[in-house]
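> Okay, predicted coordinates and the sequence, questions at the end:
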Amino acid sequence: MSAREAALQTLVAMDHQKAWSNGHLKKVIQEAHLDRRDAALATRLCFGVLQNRMLLDHYLQQYSTMKLTKMESKVRNSLRLGLYQMLFLTKIPVSAAVSESVALTKKLCKNPRAGGMVNGILRNLARHLDDLPTLDRSHPIAYLSLLYSHPQWLVEDWGNRLDGEELEALLRWDNSEPPVTVQVNTCRFQTPEVVEQLQREGMAVTPHPWLADCLTLTATGDLTQSEGWRQGMFYPQDPAARLAVLAAGLTPGCKVLDACAAPGGKSFAAAMVMGDRGEIHACDLHPHKKSLIQAGADRLGLQSITPQVADGKKPRKGWGEAFDVVLADVPCSGLGVLRKKPEIRYKAPEALEGLPQIQGEILANVSTYVRPGGVLLYSTCTLRTQENEAVVQAFLASHPDFRLEVFRLPGPLGLVEAGQCTLWPQRLETDGFFLAKLRKEGAHA
């Protein structure tokens, strides 16, 4: 199987099976035994099509007599893959982009005329690459929506909070290629020895500019097959997720509840901050994720983490005022991580309307687990006010025993005097996150 076929299979599975791009693509790459170079190309092709789908479809429709929506998924996505290469991957010859898309269509589609249709549309586009119809700039929001393939409602939402230049920078960021970022397992290893090991395995390693023990990697291949992974030297995590843990102000010996823990990254980060001394109860609603968290803790050699199954919305007997710190990284729309999950942008806004209620219910329930003087850290990986500031405001209105508290973060944000902040990707070069530190009234331990 080629890189292009792996990308096409994933795009088709997303159409038919509602598969997630990242998980399905990894599975296809592993089953096809693609080498590091082909795996990287398959990932770039798949993500590139998803990140630019609206723009690709806009041009494809202008050179096709058949509606794209009427086409078989394999045909439609073969066209998208071909045009994406022609417009964005300049190192690939246009002729190769066309011929490979045609060959894929002929191989995978039962309709004998499908290959000819793909050939005709892409060759027509190839002749007009230098004079494609210009996009209408008369309505800036609609223009940016199409240019960067973000639904108009989302561009409008962010446009109410960002000026034009920053808004475009955020949309451009969402369509960029995400790096691989890992945190060093400082409970067992020193950062220099981890860097040396990864470099021996052929990876390029760059220390993060302002977050200690954080590394950006390129030329990784399948990280889970590396010796550094097997030794438990690191775990994948964006700097923003690490900041969510640092904001809580953990110290060795703390008793911590990670209320929505899977796949475990924040629990692992908490263990690093605490030197693996204390108790971390890592909970998730789904039983199979308990074993996922345990496997991660075992690989890293962490003893302080106890995975458990728990529903964040339902009271747990024996946990009342039992924890020094409760981390509530609640389910959210995920609109701050569009670089890594580009398909999320195409969700209907109506599907997101119920999230603030769920988030509020989780926050209210897990707040009962915080001891007097303890901390409740609320976080999301989205950039919507409805899921962030509005949820915190509603919680505080009904829980007068909690208050926002100043905290300090490494890097550009520094002292967060408001007690809550948005991590804007275009400013910090991290995932998009929201953090709020809430202190419960009572004596500090």
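Received, thanks. Residues are numbered from 1 along each chain as shown.

> would you list every one of the strands in the protein?
If DSSP state E is used as the criterion, the strands of the chain fall at 180-184, 204-207, 214-218, 234-236, 255-258, 279-284, 305-309, 323-329, 370-380, 402-404, 407-408, 415-416, 420-423, 433-440.

> So which of these is nearest Leu338?
When these are compared by C-beta to C-beta, strand 433-440 sits nearest Leu338, at 12.8 Å. C-betas here are computed from N, CA, C, even on glycine.

> Quick one: mean pLDDT over the closest one.
Across strand 433-440, the average pLDDT comes to 97.

> partner strands of that strand, parallel or antiparallel?
Strand pairing for strand 433-440, using DSSP bridges, gives strand 370-380 (antiparallel), strand 402-404 (antiparallel), strand 420-423 (antiparallel).

> Could you tell me which residues within the longest one count as buried?
Judged by neighbour count (16 or more other C-beta atoms under 10 Å), strand 370-380 contains these buried residues: Val370, Arg371, Gly374, Val375, Leu376, Leu377, Tyr378, Ser379, Thr380.

> same check, this time on the second one
Within strand 402-404, the residues that qualify as buried by neighbour count (16+ other C-beta under 10 Å) are Phe402, Leu404.

> Give me the contacts around it.
367, 376, 392, 395-396, 418-420, 436-441 (C-beta atoms under 8 Å, 6 or more residues apart in numbering).

> mean confidence score for it?
97.

> Stretch 314-331 too?
94.

> if I read this right, His281 contacts Gln308, doesn't it?
Yes - using C-beta atoms under 8 Å as the test, His281 is close enough to Gln308 to be in contact (5.8 Å).

> Need the contact partners of stretch 307-317.
259-261, 264, 281-287, 290-291, 293-294, 297, 328, 330, 358, 361-362, 365-366, 368-369.

> domains of the chain?
Per automatic domain parsing, the structural domains of the chain span 3-131, 140-174, 180-236, 239-440.

> Kindly format the C-alpha coordinates of stretch 86-106 as PDB.
Extracted in PDB, the C-alpha atoms of stretch 86-106 (Å, rounded to 0.1, in the frame of the first residue of the first chain):
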ATOM      1  CA  MET A  86      -1.000  20.400  -6.800                       C
ATOM      2  CA  LEU A  87      -1.800  23.500  -4.700                       C
ATOM      3  CA  PHE A  88       0.200  22.900  -1.500                       C
ATOM      4  CA  LEU A  89       3.000  20.300  -2.000                       C
ATOM      5  CA  THR A  90       5.200  22.000  -4.500                       C
ATOM      6  CA  LYS A  91       7.900  19.300  -4.400                       C
ATOM      7  CA  ILE A  92       5.500  16.800  -6.000                       C
ATOM      8  CA  PRO A  93       5.300  17.300  -9.800                       C
ATOM      9  CA  VAL A  94       1.800  18.200 -10.900                       C
ATOM     10  CA  SER A  95       1.900  15.300 -13.400                       C
ATOM     11  CA  ALA A  96       2.600  12.800 -10.600                       C
ATOM     12  CA  ALA A  97      -0.300  14.200  -8.500                       C
ATOM     13  CA  VAL A  98      -2.700  13.700 -11.400                       C
ATOM     14  CA  SER A  99      -1.400  10.300 -12.500                       C
ATOM     15  CA  GLU A 100      -1.300   8.800  -8.900                       C
ATOM     16  CA  SER A 101      -4.900  10.000  -8.200                       C
ATOM     17  CA  VAL A 102      -6.100   8.500 -11.400                       C
ATOM     18  CA  ALA A 103      -4.300   5.200 -10.700                       C
ATOM     19  CA  LEU A 104      -5.800   5.100  -7.200                       C
ATOM     20  CA  THR A 105      -9.300   5.700  -8.600                       C
ATOM     21  CA  LYS A 106      -9.000   2.900 -11.200                       C
END
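
> Show me which residues of it are buried.
86-88, 94, 97-98, 100-106.

> from the chain's centre, how far out does the worst-scoring helix or strand of the chain on mean pLDDT sit?
Least confident helix or strand, the chain: helix 21-32 with a mean of 84, by mean pLDDT, DSSP states H and E. Between the centre of helix 21-32 and the centre of its chain there are 17 Å (C-alpha atoms, centre = their mean, to the nearest Å).

> Show me what that helix is packed up against.
Where contact means 3 or more C-beta pairs under 8 Å, 6 or more residues apart in numbering; DSSP states H and E, helix 21-32 is packed against helix 3-17, helix 36-51.
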